[in-house]
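In: how would this look folded up:
(2 chains)
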Amino acid sequence: MKKLMLGNAAAARGLYEAGCAVVSSYPGTPSTEITEEAAKYDEIYCEWAPNEKVAMEVAFGASLAGKRSFCGMKHVGLNVAADPLFTISYTGVNAGMVIAVADDAGMHSSQNEQDSRHYAKSAKVPMLEPSDSGEALAFAKQAYDISEAFDTPVFLKMCTRVAHSQSPVDTAERMTPPEKKYEKNIAKYVMMPGNAIRRHPVVEERTRKLIEFAETSALNRVEPGADRSRGIITSSTSYQYVKEACGDKYPVLKLGMIWPLPEKKILDFAASVDQLIVVEELDPFIEEHCRNLGLNPVGKALFSLMGELSQTVVADKLGIAHEAGPQLGETVPARPPVMCAGCPHRGLFYTLNRNKCTVLGDIGCYTLGAVAPLSAIEMTACMGASVSAIHGFNKALGKESEHKTVAVIGDSTFMHSGMTGLANIAYNQSNSTVIILDNSITGMTGHQQNPTTGYNIKGDPAGKIDLESLCRAMGFARVRVVDPYDLKTCDQAVKEELAADEPSVIISRRPCALLKYVKHQPPLLVDKDKCIGCKSCMRIGCPAISIKEGKARVDETLCVGCGVCSQLCPKDAFESTAKEA
Amino acid sequence: METKNIMIVGVGGQGSLLASKLLGHLLMEQGYDVKVSEVHGMSQRGGSVVTYVRYGDRVASPVIDKGEADFIVSFELLEAARWISFLRPGGQIVTSTQQIDPMPVVTGAAQYPENLVEKMKAAGAKVDALDCLALAKEAGSSKAVNIVLMGRLSHYFDLPQEAWQKAMEAIVPARFLELNRKAFELGKNA
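Out: Model prediction:
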């Protein structure tokens, strides 16, 4: 009986069926659910690591010890884990090791749309690329066989549409993988120059053998088509768009292994058709390989380097007609994402905006602090960059910026890569003010635990890192905690810490309003007689507050009674509904 | 059978994932090939969200594009209007009349368009609009809007009532089943 399964859940099922024993990941859309789903199988040890580099090294350690292991991350997470990646490629594995990387073409929830396939090529690590949930499951399993047969970590490359689409899968029982004992092998596992120089040829020979495998493996299959005027090479979700737009009209070479790529198979396919077309999202990865083989395919001359494809994009580019939909004939206002009602970040950003601070930001829900009307954040690049960049900013500008610039970073992002930046501030002495937005969870990716929450991936009690002690141990004498719902205290803390002539950390602490254990207050009501329509309350950009007929109105279904708006009202027009009861 | 396309649109946090889960289960049980595509991550935070449900003999793409949707099921009026160009000519919109101001409207940078149901009809769409929030509250919870909409959508499907009931039993937690049954009936008979 087939089951409808999310691509990420299917990949997790594949890990389970392959006998994977250890999983370590850092959450990141669209990869998160692989690890969340894997954690539902009691047979697999699963954890959230502080960052992707740690996760990959944990998975490597487990592989070394003889257990099949896994780590999962989003595309930008692989940048963080790139250091172990390139050298684990040299050491190879003991038991199978699979690395999932999920790209986000279209940037549904990312800061760039980098193409992770380049990592496979440059780190010389094979990469499988499923095109639906069924393949996500099957490829995850096969990745372990390839890993052990060729002594290499193997990539499972997901993308948003494969990761977050459900399609039917066939499940099987969990297998017992071949037993792998740990054996001391200094020449293989200690990558100092003398050893590494002997491992590099092994890697090149491995790639040569993997190319042979790619020539014959069923992962790369030719699907016949009656019309040979065109032949299409494609993979991943692009394959599904091609099938949707063209049906079985043209022959298709569907690549399930995207690195290393076959040579003879592609040349034979190209020879069998009049015009060779490559359909792939983002960079011309397959296309350039074809050009290296002396072919002249049509690829990025037709399809964009940016964003996602779809069946109608493919149809348009290939000159296949399709119907258009109705047009409204008027512009519909955009609905960008917003900080939730009761979000603890709101009060802090209001305070920073009011104090005209220069705010260097980071990755998380709080990136929305850049959106009007708060418009507080002025820089967001990557995980941890706020804490490192404020040091550089202040070193460049000196006192001019030290007393008005702050870095803001979430608790999970701080654990991920903010700590090292903080160490730099302490060591190289800049008078920087860092604000840790501690909402006691990893929010944006959907509530994952982290080293500061005191709970593990299964929700069981775990080690808990105390942020205040950590910052003090790093040499910060000025560490204070504020409640972001209390605007007055926030304002005082920001003013004092910016004025101080030494570095400081403000921990803005209140749990995410969406957490199940957070008890909401009754919604507030606006006393229409008191409200003068001054719109002071609108400056915090709360989705629960709007102006109707010149007066503020609270949406009772959204309001959680945080009371931040009432602290802005000059006429005390917000009333708690609790009082009336 | 040619592939059929249902879009579920709304505002992040309104419960579209449960609706798509229900439809996915229902259609799988009918023996169709099914693909459901969801949105996770940043846009869930109060932004415009869309879920695609596709079914037929063989479904390739997980997404629905402009001019392809047989149905747009919308939790919010402006969102129905936003996605109207995704409707197939002659396609059907089933929408709640609830209006949630997006941030540009809240801040006064834009206006919430008026008479959207009439405008969508004038654009050539068939529109079935009903106050799902009121019906959900009548059933016992404002959170049951998704099931009210499913009840309404069931009108347009030639499927036995038990099939919908069974799918609900499989998807909805037991303690909310009675409430959701009521919500489904209210939507269906509205």
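
In: can you list phi and psi of residue 133 for me?
Out: No chain in the question, so chain A it is. phi -70, psi -40 (degrees, to the nearest 10).

In: wait, I meant chain B there
Out: Backbone dihedrals for residue B:133, given as degrees, to the nearest 10, come out at phi -60, psi -40.

In: what sits against it?
Out: Residues in contact with residue B:133, defined by Cβ atoms under 8 Å, 6 or more residues apart in numbering or on different chains, are B:96, B:98, B:142, B:145. Every C-beta, even on glycine, is put in place using the N, C-alpha and C of the backbone.

In: do residue A:573 as well
Out: For residue A:573, the contact set (Cβ under 8 Å, 6+ apart) comprises A:526-527, A:530-532, A:552.

In: for chain B, what are the nearby residues on the stretch 451-581 of chain A?
Out: Proximity of the stretch 451-581 of chain A to chain B, by Cβ under 8 Å from any Cβ of the partner chain, involves residues A:538, A:541, A:543, A:545-547, A:555, A:557.

In: return the members of these classed as buried.
Out: The neighbour-count test (16 or more other Cβ atoms under 10 Å in any protein chain shown) marks A:538, A:541, A:543, A:545-547 as buried among these.

In: possible to save these as a markdown table with pLDDT?
Out: As requested, those are arranged in a markdown table below (pLDDT from 0 to 100):
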| residue | pLDDT |
| --- | --- |
| A:538 | 93 |
| A:541 | 92 |
| A:543 | 91 |
| A:545 | 93 |
| A:546 | 89 |
| A:547 | 88 |
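
In: helix/strand/coil for the closest residue to chain B within chain A?
Out: Per Cβ to the nearest Cβ, the residue of chain A with the smallest distance to chain B is residue A:109, at 2.8 Å. Under the three-state scheme (DSSP: H, G, I helix; E, B strand; the rest coil), residue A:109 adopts coil.

In: my guess is it contacts residue A:446. True?
Out: No: Residue A:109 lies out of contact with residue A:446 (Cβ atoms under 8 Å); the separation is 10.3 Å.

In: looking at these two, which is more packed in?
Out: Taking residue A:109 and residue A:446 together and counting by other Cβ atoms under 10 Å in any protein chain shown, residue A:109 has the greater number of neighbours (22 against 16).

In: can you list the residues of the stretch 451-581 of chain A next to chain B in TSV and add secondary structure?
Out: Shown next, in TSV, are these (three-state DSSP):
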residue	secondary structure
A:538	helix
A:541	coil
A:543	coil
A:545	strand
A:546	strand
A:547	strand
A:555	coil
A:557	coil
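
In: what is the nearest of these to residue A:312?
Out: Closest to residue A:312 out of these is residue A:543 (32.7 Å), distances taken as Cβ to Cβ.

In: how close does the residue nearest to residue A:297 when sequence neighbours are not counted sit to residue A:118?
Out: When the adjacent residues along the chain are set aside, residue A:297 lies closest to residue A:276, with 4.2 Å between them (Cβ to Cβ, 6 or more residues apart in numbering or on different chains). Plainly put, residue A:276 is 22 Å away from residue A:118 if you go by Cβ to Cβ, to the nearest Å.

In: with residue A:22 instead?
Out: Applying Cβ to Cβ, the value for residue A:22 to residue A:118 is 27 Å.

In: okay, these two: which has more neighbours?
Out: Neighbour totals were compared for residue A:22 and residue A:118, and residue A:22 leads with 21 against 13 (other Cβ under 10 Å).

In: and the pLDDT for the more buried one?
Out: Residue-level confidence at residue A:22 comes out at 98, pLDDT.

In: from what I can see it touches residue A:43, true?
Out: No: checked against Cβ under 8 Å, the pair residue A:22 and residue A:43 is beyond contact range at 10.9 Å.

In: quickly list the domain ranges of chain A.
Out: By the assignment in automatic domain parsing, chain A contains the domains A:3-216, A:220-317, A:345-509, A:524-580.

In: now the helices for chain B?
Out: Taking DSSP state H to define them, one finds helices in chain B at B:16-29, B:77-82, B:103-106, B:116-122, B:132-139, B:145-154, B:161-171, B:177-189.

In: what sits against the closest residue in space to residue A:486 that isn't next to it in sequence?
Out: When the adjacent residues along the chain are set aside, residue A:486 lies closest to residue A:347, with 7.4 Å between them (Cβ to Cβ, 6+ apart). For residue A:347, the contacting residues are A:484-487, A:490, A:540, A:562, A:564, taking Cβ under 8 Å, 6+ apart as the criterion.

In: buried ones among these?
Out: A:484-487, A:490, A:540, A:562, A:564.

In: to what extent is residue 94 buried, counted in neighbours?
Out: Assuming you mean chain A. Applying other Cβ under 10 Å, we find 24 other residues in the vicinity of residue A:94.

In: my question was about chain B, not that one.
Out: Counted with other Cβ under 10 Å, the burial measure for residue B:94 works out to 24 neighbours.

In: hang on, it packs against residue B:148?
Out: No: in terms of Cβ under 8 Å, residue B:94 does not count as a neighbour of residue B:148; the distance is 10.3 Å.

In: in chain A, which helix is the longest?
Out: Of all segments of type helix in chain A, defined using DSSP H, the longest is helix A:193-216.

In: and the lowest-mean-pLDDT helix or strand in chain B, anywhere near chain A?
Out: Averaged element by element with mean pLDDT, DSSP states H and E, chain B has its least confident helix or strand at helix B:103-106 (a mean of 88). Yes: counting by Cβ under 8 Å from any Cβ, chain A is contacted by helix B:103-106 at B:103-106.

In: mind putting the residues you listed in TSV, neighbour count included?
Out: Output for these, formatted as TSV (neighbours: other Cβ atoms under 10 Å in any protein chain shown):
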residue	neighbour count
B:103	24
B:104	16
B:105	20
B:106	21
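
In: tell me which of these is nearest to residue A:57?
Out: residue B:103 (41.5 Å).

In: which pLDDT value goes with residue A:338?
Out: The confidence metric pLDDT takes the value 89 at residue A:338.

In: that one against residue A:543, yeah?
Out: Yes: between residue A:338 and residue A:543 a contact is recorded at 5.2 Å, counting by Cβ under 8 Å.

In: need the residues touching each of the two.
Out: Each of B:46, B:103 lies in contact with both residue A:338 and residue A:543 under the rule Cβ under 8 Å, 6+ apart.

In: for residue B:27, which non-adjacent residue is closest in space?
Out: Using Cβ to Cβ, 6+ apart, the closest residue to residue B:27 is residue B:55 (4.3 Å).

In: number of nearby residues for residue A:466?
Out: As a burial measure, residue A:466 scores 11 neighbours (other Cβ under 10 Å).

In: check which residues of stretch A:134-150 are buried.
Out: Across stretch A:134-150, burial judged by 16+ other Cβ under 10 Å covers A:134-144, A:146-148, A:150.

In: check stretch B:150-162 too.
Out: If you call a residue buried by 16+ other Cβ under 10 Å, then stretch B:150-162 has these buried ones: B:150-154, B:157.

In: same question, stretch A:105-115
Out: Counting neighbours by 16+ other Cβ under 10 Å, stretch A:105-115 gives A:105-106, A:108-110, A:113-115 as buried.

In: ok, now stretch A:43-51?
Out: A:44-51.

In: could the C-alpha coordinates of it be exported in PDB?
Out: Output of stretch A:43-51 as PDB, limited to C-alpha atoms (Å, rounded to 0.1, in the frame of the first residue of the first chain):
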ATOM      1  CA  GLU A  43      16.100   2.900  16.300                       C
ATOM      2  CA  ILE A  44      17.900   6.100  15.100                       C
ATOM      3  CA  TYR A  45      19.800   8.300  17.500                       C
ATOM      4  CA  CYS A  46      19.000  11.900  16.400                       C
ATOM      5  CA  GLU A  47      20.200  15.300  17.600                       C
ATOM      6  CA  TRP A  48      20.200  18.900  16.700                       C
ATOM      7  CA  ALA A  49      23.800  20.000  16.600                       C
ATOM      8  CA  PRO A  50      24.800  23.700  17.200                       C
ATOM      9  CA  ASN A  51      25.700  24.100  13.500                       C
END
